[in-house]
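In: The sequence and its predicted three-dimensional model are supplied below.
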Amino acid sequence: MSATVGAPALAKYEMVVGLEVHVQLRTRTKLFCNCSTQFGDPPNRNTCPVCLALPGSLPVLNESAVELATRAALALDASVQEESVFARKNYFYPDLPKGYQISQFDKPLALDGRLVIGEQHDGSPMRVRITRVHMEEDAGKSIHDRYPAASAIDLNRAGTPLIEIVSEPDIRSSAEAGSYLRLLKQLLEYVDVSDLNMEEGSLRVDANISIRERGATKLGTKTEVKNMNSFSGVERALDAEFARQVAIVESQGRVEQETLLWDADRGTVRPARSKEGSHDYRYFPDPDLPPLRLTKEWIAGIRDRLPELPDARRRRFATEHKLSPYDVDVLTASPHIAEYFEAVAHAHGDSKTAANWVMGDVLAVLKNTGVPIDRFSVRPADLATLLDMVRGGAVSNSAAKRIFALMVQTGDRPEQIAEREGLAQVGDEAQVAAWVDEAIADKPAEWQRYLAGEKKLLGVFVGAVMKRSGGRADPRKVNQLLSTRASG
Amino acid sequence: MVPGPSAAELARQHAEGKTPPKKAVEQAFARAAEVDAGPNGLNAILWADREAALGAAAQVAELSRQGNQPGPLAGVPVVVKDNIATLTMPTTCGSRILEGYVSPFEATVVTRLRNAGAIVIGKTNMDEFAMGSSTENSAYGPTRNPLDPTRVPGGSSGGSAACVAAGIVRVALGSETGGSVRQPAAFCGIVGVKPTYGRVSRYGLVAFASSLDQVGVFGRSVEDAAIGLGVIAGRDRYDSTSADVEVDDYVATASETLKGVVIGRPREYFPDSLDARIRARCDAALDALRQLGATVRDVSLPHTDLAIPTYYIIAPAEASSNLARFDGVRYGARAKAAALREMYADTRSHGFGREVTRRILLGTYVLSAGYYDAYYKKAQEVRALIVNDFQNVFQGGVDVLFTPTAPTPAFPIGAKSDPYEMYLSDIFTATANLAGIPALSLPIGRVDGLPVGGQVMGRHFGEAALFRVAFALERALGEAAHR
């Protein structure tokens, strides 16, 4: 299945990609029963007659899942439908207890959304249209490598609420696919609907990809690529599948419509074993669940309670905090970082200093320790106090770095640490004057040269004072006293 | 077959300390041993748990001793159809595929029966997964009609109907998807009521066709059925299709007259081909209704003849999906096989009987890509027309409709080998399931010694009107209902 085509052939074609993203909603209980959605529990612990599909059991819709799904749909600027319908997708598989998945088919929760993934050459926004956002339940897990001659089924995940976000085939490169996914993840993180953890499967991506000659308008035959477990995996898989399709077309072959699995180790795709039964899912409205009816008022209420979304926040950070585009991007990458920054900036009053500290010291610590910012030991108010202390001359910049490191370790307040560690700056006139006089007395020859006009020697005396004071002398006071002595 | 005391009477005797629940349960078991067991017995009860039943009886007695208000069915033995989940006995739906399966949870209707003081003594025979009209399609052998053991009791709830008709119990639960309570009630000469869709919880009723299924009640008398329905009716948060509509006091609807009641006689239910003797019984009943003060009006439900074809698209379609869970993976029978597909095929081929297999195939077909619009979607459109038919007559001032319940009396076991001929047995009953309206069958006389049922159909959640008419007609006909 490996294909080699030259760069000129690849350049002749463009890829046409639509993405289907499954996102597990962060609810306490499953979509149609009261079982826990906890990840990582012992197999089949979180099951009940409903999610085991015991005879006679019936689904009851979890309203908080509807709320989260609606929030996600509205964040994607999709139009949430006042009536949507749950439908049964019928197929046999051992980890699908009912023999059908409850999903939504011809009447999904929301239609016609969009996500801006960058700018076109002319500066206009590059949009990917969202076809639909629908709700469905997850299947369980089949485990094939645990027992020698048998497969095992874990139904803990069966019935977990998902939304599927289906894009139009508006994506033209693997890089665009990557941008789409990163921005989609950022948006969903802002509206706080999911853990968005690809390793635990709470975010899954399938790609539909076809190729066509550049300039052509007709869509080619698409394949569906699955089994990517990172965004970079999606990008690599798309490039590999693009090259494979180009090779087929270039050698006068025909692309078969099929489902392919990405093999990250080999960097290739291979055909999936076909699911039991055919691809005819025999969808029909689930008669156990009445149509989902949402009032305009309810939908508007969810919309009103949406937090500020990434785009709006980026714009506001640029104007309100007067930050560079790079700073804005870093600080709005996650809602928690943005909120942390703003708390520091508001308490301290100087956005630029706050931004420098958050982007530098704070993010470095978070990166090194792997601690998420919402569980970071340094409270924004304490960091702001530290910055206030620097500005007010209570501590030197270098002392502040040490205090910060100790704040990270202990969670203590900066004043306490400065006091305890003797890092408070000394601005006391008599004390600084004593250090200055000692420094002059120590180097009389240099002092005479300084007085004679060798101004660069000032640094020597400042350094000497700082050394005597153990770094605590207020540099402004030191300078001031040195010039007083010189003119005196 | 002398009927024992009515459910109300039994509950009263218990409340007065006259008949302890234990005695009533023992009498029921004794009667079952007499008529139901053995090679020539009725074969109406599939599973029974005497110890559990006596234990439950002791509990009911203990609760009264402690001064608790006895429920409306206190100390009354009941049986429930084998597709209704119970904790103490298997729930097999009359199928091999669920042989030995005991549910770890209980149906809401069973909980409500028990809370009302009823004692569930057995699970009754049925057409496999409720697919049939004669109780011949059971993996555990056919049930016989207590009035003529060479004939069927009707179906699919034939076991429950036979238990009531044979005097084992006064009240029993069945289920309906297309006439499966009313038709056996008619064949066995008892009362059977199919409530409005959504009136009774389906939680714990093993699904056949979810948009049509509804638990129904058999009673020896109208009062028995009214008490039984009153106990199980009402909203259940475990069934999203159950309705939050207040439950009327059905027994209180009993009235001397039917003055002001308008009864529709739909001409499509009295075709020229209708058995003249059944027509005569219906006419006699309509005369009795007139004498009670009711007005009888000829009406038309023009899409009636489309009910059976519509039903046999929608019900199998839903069944093909509902029965997918019987795959041998988690419970029930599993065939030994080397590969997954083979295991599915063998489990289901051996586990399901012919009629169930036929309907699964039919349902799978009508939902398939390319056929969905022509069959399933079209059937839903026709269903809407049938709903409309009823709405039109009810909006036109008709309170209830009166029709024969079935086109024939009970037929001999083995007489209907052609499935389509069997399907026509539900020609007058399937309409109410498609429209979701309540309907009731009560005995209105006999033909060649075999019972004939009269059907009363009403508005959505208009069960009270059905009972009012049924109470009055039962009293007016008196012994003539059983001659």
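Out: Ah, there it is. Numbering: from 1, shown residues only, chains lettered A, B, ... in the order given.
In: just checking, what packs against the host helix or strand of residue B:444?
Out: Element membership of residue B:444, judged by DSSP states H and E, is strand B:439-447. Applying 3 or more C-beta pairs under 8 Å, 6 or more residues apart in numbering or on different chains; DSSP states H and E, one finds that strand B:439-447 contacts helix B:182-188, strand B:191-194, helix B:276-291, strand B:450-458, helix B:463-477. In this view, the C-beta of every residue, glycine as well, is placed from N, C-alpha and C.
In: Can you say which of the ones you listed is nearest to chain A?
Out: Closest approach to chain A among the helices and strands packed on strand B:439-447 (C-beta to the nearest C-beta): strand B:191-194, 17.0 Å.
In: Alpha carbons only: can I get stretch B:146-155 in PDB?
Out: Presented in PDB, the C-alpha positions along stretch B:146-155 are these (Å, rounded to 0.1, in the frame of the first residue of the first chain):
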ATOM      1  CA  PRO B 146     -60.400 -23.300  28.900                       C
ATOM      2  CA  LEU B 147     -63.800 -23.200  27.200                       C
ATOM      3  CA  ASP B 148     -62.800 -25.700  24.600                       C
ATOM      4  CA  PRO B 149     -59.400 -27.400  25.000                       C
ATOM      5  CA  THR B 150     -59.200 -28.200  21.200                       C
ATOM      6  CA  ARG B 151     -59.100 -24.400  20.500                       C
ATOM      7  CA  VAL B 152     -56.700 -21.600  20.900                       C
ATOM      8  CA  PRO B 153     -57.200 -19.000  23.700                       C
ATOM      9  CA  GLY B 154     -56.100 -16.300  21.300                       C
ATOM     10  CA  GLY B 155     -52.900 -14.400  21.600                       C
END
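In: Tell me how far the nearest residue to residue A:424 once chain neighbours are set aside lies from chain B.
Out: Spatial nearest neighbour of residue A:424, excluding adjacent residues (C-beta to C-beta, 6 or more residues apart in numbering or on different chains): residue A:418 at 4.6 Å. Separation of residue A:418 from chain B (C-beta to the nearest C-beta, to the nearest Å) stands at 60 Å.
In: Can you report how many residues neighbour whichever residue of the stretch 201-350 of chain B sits closest to chain A?
Out: Among residues of the stretch 201-350 of chain B, the one nearest chain A by C-beta to the nearest C-beta turns out to be residue B:324. It sits 2.4 Å away. Using other C-beta atoms under 10 Å in any protein chain shown, residue B:324 has 24 neighbouring residues.
In: so what's it closest to, chain neighbours aside?
Out: Residue B:324 sits nearest to residue A:99 (C-beta to C-beta, 6+ apart), 2.4 Å away.
In: and the residue of the stretch 301-450 of chain A nearest chain B?
Out: Closest point on the stretch 301-450 of chain A to chain B, by C-beta to the nearest C-beta, is residue A:302, at 21.6 Å.
In: Run through the residues that contact the nearest residue to that residue once chain neighbours are set aside.
Out: In this structure, residue A:302 finds its nearest non-sequential neighbour in residue A:70, 5.0 Å apart by C-beta to C-beta, 6+ apart. If you count contacts by C-beta atoms under 8 Å, 6 or more residues apart in numbering or on different chains, residue A:70 has them with A:80, A:109, A:110, A:294, A:299, A:302.
In: Top of those by number of neighbours, please.
Out: Neighbour max across the contacts of residue A:70 (other C-beta under 10 Å) = residue A:110, 27 neighbours.
In: Who are the contact partners of it?
Out: Applying C-beta under 8 Å, 6+ apart, the residues near residue A:110 are A:69-70, A:73-74, A:76, A:78-81, A:84, A:132-134.
In: what does chain A put close to chain B?
Out: Within chain A, the positions near chain B by C-beta under 8 Å from any C-beta of the partner chain are A:49, A:52-61, A:88, A:90, A:92, A:94, A:97-100, A:153, A:276, A:280, A:282-284, A:286-290.
In: Mind checking which of those residues are in strands?
Out: Using DSSP state E, the subset of the residues of chain A next to chain B located in strands is A:88, A:90, A:100, A:153, A:284.
In: Which members of these define the maximum pairwise distance?
Out: Greatest spatial distance in these: A:153 and A:284, 25.8 Å, computed using C-beta to C-beta.
In: The two: who's more crowded?
Out: Per other C-beta under 10 Å, whichever of residue A:153 and residue A:284 has more neighbours is residue A:284, with 26 against 20.
In: And the residue nearest to residue A:143 when sequence neighbours are not counted, how far from residue A:46?
Out: Spatially, and ignoring its direct neighbours in sequence, residue A:143 is nearest to residue A:152 (4.3 Å; C-beta to C-beta, 6+ apart). For residue A:152, the distance to residue A:46 (C-beta to C-beta, to the nearest Å) stands at 16 Å.
In: The two: who's more crowded?
Out: Regarding residue A:152 and residue A:46, a neighbour count based on other C-beta under 10 Å identifies residue A:46 as having more, with 24 against 15.
In: measure that one to residue A:34 for me?
Out: 10 Å.
In: can you check residue B:299 too?
Out: Counting by C-beta to C-beta, the gap from residue B:299 to residue A:34 is 47 Å.
In: of the two, who's got more company?
Out: Neighbour tally, residue B:299 and residue A:34, criterion other C-beta under 10 Å: the higher count belongs to residue B:299, 21 against 13.
In: Wait, that one touches residue B:267, no?
Out: Yes - the criterion here is C-beta atoms under 8 Å, and residue B:299 meets it with residue B:267 at 7.4 Å.
In: quick one: which helix or strand includes the residue nearest to residue A:302?
Out: Using DSSP H and E, residue A:70 maps to helix A:63-75.
In: In contact with the closest residue to chain B within chain A, which residues?
Out: Going by C-beta to the nearest C-beta, chain B is nearest to residue A:99 of chain A, at 2.4 Å. Listed by C-beta under 8 Å, 6+ apart, the contact partners of residue A:99 are A:53, A:90, A:91, A:92, B:321, B:323, B:324, B:325, B:327.
In: Let me have those in TSV, adding pLDDT and distance to residue B:455 as columns.
Out: Shown next, in TSV, are the contacts of residue A:99 (pLDDT from 0 to 100; distance: C-beta to C-beta, whole Å):
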residue	pLDDT	distance to residue B:455
A:53	98	35
A:90	97	35
A:91	95	40
A:92	94	40
B:321	98	30
B:323	98	29
B:324	98	34
B:325	98	34
B:327	96	38
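In: quick one: strands adjacent to the strand holding residue B:444?
Out: Paired strands of strand B:439-447, with direction, are strand B:191-194 (antiparallel), strand B:450-458 (antiparallel) (DSSP bridges).
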